[in-house]
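> next one to model:
(chains A and B)
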Amino acid sequence: MKLLYFAWLRQKIGKAEENLEVPPHVKEVGQLLDWLESLGPNYATALKERRAVKVAVNQDYVGLTHPVKAGDEVALFPPVTGG
Amino acid sequence: MIKVQAEDFDVGVELERLAAGDHQVGGIASFIGLVRDIAPPGSLGDSGAASSMTLEHYPGMTEKRLAEIEAEAQRRWPLSATLIIHRYGRLAPGDRIVLVATASSHREAALESCAFLIDWLKTEAPFWKLEDGPEGARWVEAKSSDDARKAAWKK
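Prediction:
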């Protein structure tokens, strides 16, 4: 699964993207965020404020119960501030 | 039409292109977003440097989301043409960030859809602003007032 991080999430985690082997019990976005938090203190800090974390799967906004699977592109980012 | 680019754009040229040759167009509405100077006057000392910002985006999803917002506007109003140009990268106060323009036979559709597009773009399009201020770089926070404006647009 390809993970992309933007803005301050990228800064806190320390990288812009990575490919991860996600364990089989992780089937939904919410479970993915919980599992990512467990990977290290930088992830835990970044994902502590869940309300500030938006998720896109394959470039579409999704909610916490949306399924995730190997091969997906999952992006995590703060609420947007364009325009 | 959607353009996501680092380069500046020429507002006059783009607006002229929007309805070129289509004599059913009666009105063109536009919005230009500019970088505002966030630092209070004099706060940056003798360097003379104005505060600048860097716009980050998500290549691929940014274009996709803007196209979806544009399609929504075309579903709600009779429009002959729409244009969104949004820049990314390093920008200084006074620089153009975004151009939204719409063309229709009549002014109501053009004006309303233009306002709709910028309201939705501000809460939906994957861009993030990093401002250089007097106390260092900080990420701009999304505003609940932007969410309220977007929500006010009924289906």
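
> alpha carbons only for contacts and neighbour counts from here, please
OK.

> chain A: helices as residue ranges?
With helices called from DSSP state H, chain A shows them at A:7-13, A:29-37, A:41-47.

> to B:Ser145, which of these lies closest?
When the helices of chain A are compared by CA to CA, helix A:7-13 sits nearest B:Ser145, at 21.2 Å.

> does anything pack onto that closest one? Which helices or strands?
Packing partners of helix A:7-13 (3 or more CA pairs under 8 Å, 6 or more residues apart in numbering or on different chains; DSSP states H and E): helix A:41-47, strand A:73-77.

> what do you get if the cut-off is 6 Å, keeping everything else the same?
On a contact count with 3 or more CA pairs under 6 Å, 6 or more residues apart in numbering or on different chains; DSSP states H and E, helix A:7-13 meets helix A:41-47.

> thinking again about what came up before, possible to save the helices of chain A as JSON lines with mean neighbour count and mean pLDDT?
Conversion of those to JSON lines gives the following (neighbours: other CA atoms under 10 Å in any protein chain shown; pLDDT from 0 to 100):
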{"stretch": "helix A:7-13", "mean neighbour count": "18", "mean pLDDT": "97"}
{"stretch": "helix A:29-37", "mean neighbour count": "18", "mean pLDDT": "97"}
{"stretch": "helix A:41-47", "mean neighbour count": "17", "mean pLDDT": "96"}
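
> okay, the ones you listed in CSV with distance to B:Ile69 next?
Converted to CSV, the helices of chain A look like this (distance: least, CA to CA, whole Å):
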stretch, distance to B:Ile69
helix A:7-13, 22
helix A:29-37, 24
helix A:41-47, 28
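
> out of the ones you listed, which gets nearest to A:Tyr61?
Of all these, helix A:29-37 comes closest under CA to CA, at 11.2 Å.

> looking at the helices of chain A, which is closest to B:Ala137?
Nearest to B:Ala137 among the helices of chain A is helix A:7-13; the distance by CA to CA comes to 11.1 Å.

> thanks a lot, catch you later.
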